[in-house]
Structures are given as structure tokens and as C-alpha cells.
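> Fold the following, please.
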Amino acid sequence: MDQTLHRLAETLGIVTPIARQRKLPPALRQLYQHILRHFAQHGTAPEPQRLREWAHQLDIELDAGLDQLVAVDLVEADPATARLLGAYPFSAIPRGHKAQLAGGPTVEAYCARRPPRMVRMRWLEVRRHSVTKKSRGPGSHLSQEGVDLARRVGSSLGLFASVVTSALPRAIETALAMGYAVDDTVDLPSGYLPGEIAHHDQSHWPQPYHKYAELLAELPGLAAAADAHRGLWIRLVAAVPDGAAVLVVCHGGGIEPGLVACLPHADHASWGPPLGHCDGARLCFDRDRFVGIDFHRVHAIVG
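Here you go, the predicted model:
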């Protein structure tokens, strides 16, 4: 991810203090990267509630974390409200320097030493389907609870250039309940392998993404399923305009190893639990590869 942040800094004509970032604890460095990606996508600082969500996912205390980032001059923050005023190289308040991100927002910057270049990023949001009926039959359908949950989650999401789901009813119904028309359905292999990975095994692993990283090197069937997810996601996100996003709704047990395959060198131990119903992750796609990830948990929306 450091290379992506460096490219963002180049866009604004400035040099990010990479050495200072590398001295930060891994969880705190990831919080800083979450903040930068939010600026790059939305052109504004993340709200305090979003910061609290990220801090909870990373198991860090937000106030102390912001204090450390302030101490090394990577962010400015209002200590009374935890509201960000800036995150180097982005500013949340006007400072006389702007950069236009290709297909994305205009961002305020701390300074500009040369004309900005264009950053071409795209986004892929992948979500697990919502809650299904108790008497789950072949394919299964959403329960009323599942429909209500998907509606609430959908109201927190933005626009998507393309919406694709698995071919199973519960995935299609989740996207529809979220408020999106489905552009296409696809058949994806399961990440559950008879005799190797049982249904919902990942919910019992202390560090499921780290475990998946190990298993991907050991189990060819799992690696093939993960590569199928990764390959589809790359094709989908590469087909939309710069700055646009794609929504994919599919299934637990397949999403998690797919995410690991997209970012094989990430700090998987810090990614938290496997995805619950309607949980998801937003992947940042830069040029020809995925370069970053933000997890979005339902508990942060529905309390």
C-alpha cells in the first residue's frame, strides 16, 4: 500500500514521509491508509463515526491513535471532537491548493510543487448476502429480517457503475433489497471443500484471513476458487470508468479467500473476523491490481 500512497503524493506534487509511516505500529499505519483512501474516494475527511469503526476493527484506541499520527505530523485533528482537519497530503479545509482525481473528486492539498497528474483508481465493493429463512432449501431466499437488513445496509452505500451477484436467489435478493438493479449473475465456485474445509469453518478460526493465506498455499482446490473470485473481480472493475465502483454480492467462504488472493502480501492477521450477513469489503484497484482494502461491518450501521 505504501507505493499507492506515494503515487497519490506524486499526484499532488509532494513527497509523503514514508519513513515516518514505516515506524508506526502496523494497525496505526493501516488506520492512516484507511483515512487516505477515504480522501481519495470522497474528497473529504472521514467522519468520526467512520474513524471509530476502523479503530474498532483494528483493535486500537482512537484518541491515542490520532495523537500518535498528530505527533509525527501525518494528520491534523481537533482533539475535542476527533474530527480530522487533514491527513498528509490531503487537507479537509481549503489551503489554496487543489488536485482533481481522474473520474473522482477534487481534493484539497497541503501544498503543490508542480502541476498535478491524474490518479486513476476504481473500487470494488463485495458483500456477503443477507439473512435467509430458517428452513433454507436449495438456493434459499431472504427472510423478512434479511430484507430489512439489506435495505438498511443499501441506504449507506453509494452509486455503482455495475452490480453483479451470484446466481443463487439469496444473493440476487440481497442486491435488490439494497436498492440496486442486478446487471448480471455469475456462477462462482464454493470455498468449502469436502474433507478439507467444512461449511463455516472460518468462523472458528482465531485469524481466518491469516489461516486462508496458509491454506491457499496448501490446497489447490481452494486456490482455484480464490483465483476464480479474484479474476472475476478484476474483470468487472477493469470494465468500469476511472473513479467508478462495482458491487458484487456473493457468499461467505468464497469471499474471504478471494480477498486474500487479491492482496497476498497484506497483514491478514489484522483483518478481523470472517464476513457476517451483509458484511463486506471495498477493494481499491489502481492501474492493473488491487492495492488496498477497507472492511465494512454491519454492526457499525445497525448498532
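
> In a helix, residue 294, correct?
No - read with DSSP: H, G, I helix; E, B strand; the rest coil, residue 294 is strand and lies in no helix.

> who's it bridged to?
residue 282 (DSSP bridges).

> Let me see the contact set for it.
34, 37-38, 54, 281-282 (Cβ atoms under 8 Å, 6 or more residues apart in numbering). C-beta: built from backbone N, CA, C; applies to glycine.

> how about a cut-off of 10 Å?
Contacts for residue 294 were tallied using Cβ atoms under 10 Å, 6 or more residues apart in numbering; they are 30, 33-34, 37-38, 41, 46, 50, 53-54, 57, 123, 125, 280-284.

> Out of these, which sit inside helices?
Among the contacts of residue 294, the ones falling in helices (DSSP state H) are 30, 33-34, 37-38, 41, 50, 53-54, 57.

> CSV for those residues, including distance to residue 24 and neighbour count?
Shown next, in CSV, are those (distance: Cβ to Cβ, whole Å; neighbours: other Cβ atoms under 10 Å):
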residue, distance to residue 24, neighbour count
30, 9, 23
33, 10, 22
34, 13, 22
37, 16, 23
38, 18, 21
41, 22, 21
50, 20, 17
53, 20, 21
54, 14, 24
57, 17, 21
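
> Quick check: the farthest pair among those residues?
41 and 57 (17.6 Å; Cβ to Cβ).

> per-residue confidence for the residue lying closest to residue 51 once chain neighbours are set aside?
Take residue 51 and drop its neighbours on the chain: the residue closest to it by Cβ to Cβ, 6 or more residues apart in numbering is residue 62, 5.8 Å away. According to the prediction, residue 62 has pLDDT 89.

> which residues touch residue 62?
31, 48, 51-56, 77, 82.

> Could you do residue 262 as well?
124, 126, 226, 229-230, 233-234, 281, 283, 285, 289-291, 293.

> Which ones among those map onto strands?
With DSSP state E as the criterion, strands contain 124, 126, 281, 283, 285, 289-291, 293 from among the contacts of residue 262.

> For ChimeraX, write a command that selects the buried ones of those.
Per 16 or more other Cβ atoms under 10 Å, the buried members of the ones in strands among the contacts of residue 262 correspond to this ChimeraX selection:
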select :124,126,281,283,285,290,291,293
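
> Looking at the ones in strands among the contacts of residue 262, spot the one nearest residue 250.
residue 126 (6.8 Å).

> Check whether the residue lying closest to that closest one once chain neighbours are set aside sits in a helix, strand or coil.
Nearest residue to residue 126, sequence neighbours excluded (Cβ to Cβ, 6+ apart): residue 248, at 4.6 Å. Put simply, residue 248 is strand when judged by three-state DSSP.
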